[in-house]
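>>> need a structure here:
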Amino acid sequence: MLEAPLKRLVDPLLRPIGGSITQDDYDLVSPWHSHDMHQLQYSFEGAIEVEDEHTHHLLPCSLAAWIPAGVAHRTSLHRVRSGSILFAPEAVQPAGERVRVLEVSPLMREMIIEAMRWPLQESQDPTGRAYFGALALLCAEWIQQETPLWLPTAHEPALQAALAYTRAHLINCNFGAVCRRAGLSERTLRRRFDKELGMSWNEYRHRARLLAAADLLKRTATPIGLIAAQVGFESQSAFAKAFRGLTGKSPRTFRAS
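As a prediction, this is how the structure comes out:
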């Protein structure tokens, strides 16, 4: 298991049931760390990245990350508007033992926005205590319905370079170019993908394309056929079939939700 420093966010003797942290305009890649509180992290505009020991999570404004207390992770924030809701460990049970990606419903989004009224470090009024009590109960339900929109991650530098290049060139990248960027032979890189990620490069690129499409579906009004082309699919029908296969929803239903 990955070792990471545990951050104490609030004195446990003074800790409320929950509170918020606004993270507007941050530009950072945090070191590996964990918290003594559960965290629900959400981007109001733009996309953030959260990694745990096994998985890379790209979170556009249609998705949120649930990070249980004590789970090692690191976060990348690049000039986006985002915020986190923190909960005392006993407030959400069971909280799980890994990062989960949640599809953000209109109710969840509005409750996260309203929760920004009560910063974690400030004293909390009765309304705030009641609000976070209700929000904690809802989180216990929401985290049981995670979405499969995630990507595996890697800790080895050459493979990290291959993954980053693939995500940056979804339309026209090919395996030869990825190998050159990673500085590895095709045979070696295929073996690394299978061993460290449990999937082939083609499977990784396929999933990365669908994740990018999910972002565009929620964040823009771009026609679905054009989104399919923008992330590298040859036809709208092929994209719709692949998207439904991963998420259980058509692109149109996912956008409407």
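>>> which ones are touching the residue lying closest to Leu210 once chain neighbours are set aside?
Distance criterion C-beta to C-beta, 6 or more residues apart in numbering; nearest residue to Leu210, sequence neighbours excluded, is Leu246 at 5.4 Å. In short, each C-beta sits where N, CA and C put it, glycine included. Residues in contact with Leu246 (C-beta atoms under 8 Å, 6 or more residues apart in numbering) are Pro148, Leu149, Arg207, Leu210.
>>> Around the last one, count how many other residues there are.
When you say that, I think you mean Leu210. Applying other C-beta atoms under 10 Å, we find 21 residues neighbouring Leu210.
>>> Remind me which helix or strand it belongs to.
helix 201-219 (DSSP states H and E).
>>> Could you give the average pLDDT over that helix?
Across helix 201-219, pLDDT averages out at 91.
>>> Give me the buried positions along the helix or strand that that helix is followed by.
Using DSSP H and E, the helix or strand that follows helix 201-219 in sequence is helix 224-230. Buried residues in helix 224-230, counting neighbours by 16 or more other C-beta atoms under 10 Å, are found at Ile224, Ile227, Ala228, Gln230.
>>> How about the second one: what's its closest non-neighbour residue?
Spatial nearest neighbour of Ile227, excluding adjacent residues (C-beta to C-beta, 6+ apart): Leu216 at 4.7 Å.
>>> And the one you found, how far from Gly198?
27 Å (C-beta to C-beta, to the nearest Å).
>>> how is this protein carved up into domains?
The record's domain parsing of the chain by automatic domain parsing lists 6-142, 154-256.
>>> what about the longest one, how long is it end to end?
The straight-line separation of the ends of domain 6-142 (C-alpha to C-alpha, to the nearest Å) is 25 Å.
>>> next one: the last one
Start-to-end span of domain 154-256 (C-alpha to C-alpha) is 33 Å.
>>> from here on, count from 697
Done: numbering now begins at 697, and the last item shifts to domain 850-952.
>>> burial count for Leu773?
Leu773, neighbours per other C-beta under 10 Å, totals 22.
>>> residues contacting it?
Going by C-beta under 8 Å, 6+ apart, Leu773 touches Gln719, Tyr722, Asp723, Leu724, Ile744.
>>> Check these and tell me the two furthest apart.
Using C-beta to C-beta, the contacts of Leu773 span at most 11.6 Å, a distance reached by Asp723 and Ile744.
>>> Out of the two, name the residue with the larger neighbour count.
More neighbours surround Ile744 than the other of Asp723 and Ile744, with 24 against 9 (other C-beta under 10 Å).
>>> What separation is there between that one and Ile923?
The gap separating Ile744 from Ile923 is 21 Å, by C-beta to C-beta.
>>> same check, this time on Glu793
Glu793 is 35 Å from Ile923, by C-beta to C-beta.
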